[in-house]
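Novice: give me coordinates for this.
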Amino acid sequence: MSADHPSASDHPLRPLLAPRSIALVGASARAGSFGAAIVEQVRDGGFRGRVHAVNPNHDRVAGLACQPSLAALPEAVDLAVLAVGNHRLEEQLDAAIAAGAGAAAIFASGYLEGDRDPPLLERLRAKARAARLPICGGNCMGFHNHESGAWICGYPVAQGSRRSSRPGPITFITHSGTAFGSMMDCGGSLSFNLVVSAGQEIATTAADYMDYALTLASTRVIALFLETVRDPAGFVAALAKAAARDVPVVALKVGRTAEAARLARSHSGAIAGNDAAFDAIRDRFGVIRVDTLDELAASAALLALPKRAVAGGLAAITDSGGERAMLVDLAADAAVPFARIDATTRERLAARLEHGLEPVNPCDAWGTRESFKDVFGACFEALINDPDSALGVFFADIRTGRFISETYVDLCVDIAARAAKPVALATNISIARHAELAQRLSDGGVPVLAGTAEALRAVSAALAYRDFRARAPMTPPPPPDPATVAAWRRRLARGDTLGEVEGLALLADFGLATAPAILVESRGQALAAAKRLGYPLVAKTATAGIDHKADVGGVKLGIDDDDALAAAYDDLARRLGARVTVAAMAEPGVELALGVDIDPQFGPLVMVGAGGGLIELLRDARFALAPFDAATAGRLIDGLRLRPLLDGWRGAAAADRDALADAVARFSVLAAELGDVINEIDANPLIAGPHGCVAVDALVIGRQTKT
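Specialist: Numbering: from 1, shown residues only. As a prediction, this is how the structure comes out:
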């Protein structure tokens, strides 16, 4: 391996995932027992290293000499597999550490009734940390490493997992034990090099397994089923490494709802975390997020191909006019574009299609069955080779034993071997019997995507990853000079709530355009401020403790002259207090809001969303990790439901989107530089107009820090 792609043999998880010697503690000769299944799985995987059985109640287990304890073994093993109950976990982990084991696997839950403080899981974690011992589990299913032949699992979950001299391209890491088994039992649809049930991650997290997988040359995609992220820094580092090595990551992250998060905690002690933060991580590193296991399987299968989607849209062929209409409807729902084929491609299609069939994409090529093999082959290849085709998918409900299905399989394998673009076959019904055909397709480099919606989700994933790879390197705006940043840090660390004028000054120092504003405490000062600012003006209460001024009638807009200003000031002073902010009116535009959420795992997140009084009502917001550049800000803005308003609505002038994106990016730099000394900051509203973007109000609450 090259210096920037170190061998797995040098990785800290090598003793765990690719051991040279294994001790099976709790190995048993009793048929059907967990201890017997552990031995069987090790043998089924074709493990070529040394295997020791440990059980004081047996002399031999499945032909293996049995030792009474780990201390009695003739060597210090790489991996101690602790197939014992919770009541024996601590003593056996102590024994493994004392015997010099390099790693351990724990299947039991780690929960003891009437346990003492600290509880068993915390005691195990502390022991592992002190010994620098990698551990798979607890409360896990184990792992299958097809690179090393180490199958460490005591459950009959891998019927479809087969020993192979050429490992597959997919690494799957999961917090769901059931998903561990079901994904491996998908017949020929998926092919793995490494599958890990991470469990409670006592000592080794999903991030560690990802890091290991990225040392394997066979890894072309990483699929994740996550309940939480227990090592945020390690997770971010692994994602950055995956992006640098062009390894797509597909993630099913549960816990989006409060109830799902609660169940995740009760299930495995997970803390589901802030879902907005996970979405921000997803965007930063090009992670493909899916919602179901079917989508996870389909997306991983397509992204595992060595060929990547190119510019353009989907090229699709089918043998059903009705199913084509369904495909078109679902593609619109999924925002998957079809390739806009050119005149040459249309001519090639027309030359082969029977009379009455349109030379379009997606193409229904089924006629009277005469020469259907040649027709479908020529048409599918013409579609794939069109300049606007990013990838090709053959939509057909293949079924084992049908000669038409077998013909489609042969066509796809043949065309995929010649095509420069990815080729897949998708079924419109996911429960059709096609396992044998799927295996033939997989062996020929053509993934089977089961289900129309799932296939389109996979296509969307391939196009999204293509677009991620095409992004320019991120270059956030520069921060202010260090002295300015330091001064604001000192000011905010006092924990005070800044007044509006001071809050706007903070935004201005970080490069955001702000409405000129003056704090006044009398009618005379208000009139003097008007001479400096000019009309029209706005007057707003500046009384401390009123954070949402409009809710209490604390904002007066469109003040055109001295009389109107005097009346406005008098009313505000009488009802809410003498302190008033007088500010220049911004030009009309679209109101947005900016804010910062300090995520406990990943740090400052910037929110951009609908502003003014609509922020709570619409909940139209997007988040990104700070800091970021204007291109990232532009993607956030484009994801808002209010986005069409920025282009002009019912005769309104279009907003300056570039100025808005620049303001959001500069706000992200503020969040990154000052996030740890801010409890709350909102720029609301931020008005995007045709001639720029202006912050007209700011709420800033510092976070008191120890000096």
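
Novice: only C-alpha atoms for contact and neighbour calcs from this point on.
Specialist: Noted.

Novice: which residues of the chain score low on pLDDT?
Specialist: 1-7, 156-166, 187-188, 257-273, 613-616, 618, 707 (pLDDT under 70).

Novice: and the most centrally placed residue in it, what helix or strand is that in?
Specialist: Nearest residue to the geometric centre of the chain (Cα atoms, centre = their mean): R282, 3.7 Å. Using DSSP states H and E, R282 sits within helix 275-285.

Novice: ok, and what's touching that helix?
Specialist: 236, 239-240, 243, 255-256, 287-289, 599, 602, 605, 622-625 (Cα atoms under 8 Å, 6 or more residues apart in numbering).

Novice: after it comes which helix or strand?
Specialist: Moving toward the C-terminus from helix 275-285, the next helix or strand (DSSP H and E) is strand 288-290.

Novice: other SSEs contacting that following strand?
Specialist: Packing partners of strand 288-290 (3 or more Cα pairs under 8 Å, 6 or more residues apart in numbering; DSSP states H and E): strand 249-253, helix 452-470.

Novice: name the stretch among the ones you listed that sits most buried.
Specialist: Highest mean neighbour count among the helices and strands packed on strand 288-290 (mean count of other Cα atoms under 10 Å): strand 249-253, with a mean of 24.

Novice: contacts for that one, please.
Specialist: Against strand 249-253 from outside (Cα under 8 Å, 6+ apart): 221-228, 239, 242, 286-293, 296, 299-300.

Novice: take the residues you listed and keep only those in helices.
Specialist: 239, 242, 293, 296, 299-300 (DSSP state H).

Novice: in stretch 688-705, what's buried?
Specialist: Using 16 or more other Cα atoms under 10 Å as the test for burial, stretch 688-705 gives 688-690, 692-704.

Novice: surely G255 is in contact with D291?
Specialist: No. Between G255 and D291 there is no contact under Cα atoms under 8 Å: 11.0 Å.

Novice: please enumerate the strands of the stretch 601-707 of the chain.
Specialist: Under the criterion DSSP state E, counting those that start in this stretch, the stretch 601-707 of the chain contains strands at 603-610, 621-625, 678-689, 692-695, 698-702.

Novice: turn the ones you listed into CSV, including distance to S182.
Specialist: CSV is the format used below for the strands of the stretch 601-707 of the chain (distance: least, Cα to Cα, whole Å):
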stretch, distance to S182
strand 603-610, 35
strand 621-625, 33
strand 678-689, 44
strand 692-695, 52
strand 698-702, 49
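
Novice: and of these, who's closest to L124?
Specialist: In terms of Cα to Cα, the element of the strands of the stretch 601-707 of the chain nearest to L124 is strand 603-610, at 28.8 Å.

Novice: ok, now which ones touch G234?
Specialist: G234 neighbours (Cα under 8 Å, 6+ apart): 207-208.

Novice: kindly apply the preceding question to L425 instead.
Specialist: 393-396, 412, 446-449.

Novice: any idea how the chain splits into domains?
Specialist: In the domain annotation for the chain, the residue ranges read 8-302, 305-470, 516-585, 590-702 (automatic domain parsing).

Novice: so which of those is nearest G503?
Specialist: Here domain 590-702 is closest among these (Cα to Cα), at 5.3 Å.

Novice: next, the distance between the ends of the closest one.
Specialist: Distance between the two ends of domain 590-702: 28 Å, counting by Cα to Cα, to the nearest Å.

Novice: now N274: closest residue in space, sequence neighbours ignored.
Specialist: Leaving aside its sequence neighbours, N274 sits nearest to D599 (Cα to Cα, 6 or more residues apart in numbering; 7.1 Å).

Novice: one step back: Serialize the helices and strands packed on strand 288-290 to CSV and add fields for distance to F510.
Specialist: Compiled in CSV, those are given as follows (distance: least, Cα to Cα, whole Å):
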stretch, distance to F510
strand 249-253, 35
helix 452-470, 28
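
Novice: name the helix or strand for I97, please.
Specialist: helix 86-98.

Novice: N428 against V448, yeah?
Specialist: No. Applying Cα under 8 Å as the test, N428 and V448 come out as separate, 10.9 Å apart.

Novice: higher neighbour count, those two?
Specialist: More neighbours surround V448 than the other of N428 and V448, with 30 against 21 (other Cα atoms under 10 Å).

Novice: can you put the contacts of L425 in JSON lines and add distance to Y535 and secondary structure?
Specialist: As requested, the contacts of L425 are arranged in JSON lines below (distance: Cα to Cα, whole Å; DSSP: H, G, I helix; E, B strand; the rest coil):
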{"residue": "V393", "distance to Y535": "62", "secondary structure": "strand"}
{"residue": "F394", "distance to Y535": "65", "secondary structure": "strand"}
{"residue": "F395", "distance to Y535": "65", "secondary structure": "strand"}
{"residue": "A396", "distance to Y535": "68", "secondary structure": "coil"}
{"residue": "C412", "distance to Y535": "71", "secondary structure": "helix"}
{"residue": "V446", "distance to Y535": "68", "secondary structure": "coil"}
{"residue": "P447", "distance to Y535": "67", "secondary structure": "coil"}
{"residue": "V448", "distance to Y535": "67", "secondary structure": "strand"}
{"residue": "L449", "distance to Y535": "64", "secondary structure": "strand"}
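
Novice: what about the strands in the stretch 351-500 of the chain?
Specialist: 363-364, 389-395, 423-427, 448-450, 497-498.

Novice: list the buried residues of stretch 465-485.
Specialist: Quick answer for stretch 465-485 (16+ other Cα under 10 Å): 465-466, 468-469, 476-477, 479, 485.

Novice: same deal with stretch 307-322?
Specialist: Residues of stretch 307-322 classed as buried: 308-320 (neighbour count, 16+ other Cα under 10 Å).

Novice: and for the nearest residue to R60 once chain neighbours are set aside, the neighbour number?
Specialist: Nearest residue to R60, sequence neighbours excluded (Cα to Cα, 6+ apart): C66, at 4.9 Å. Residues near C66, counting by other Cα under 10 Å, number 25.

Novice: and for the one 10 residues further on?
Specialist: A76 sits with 20 neighbouring residues when counted by other Cα under 10 Å.
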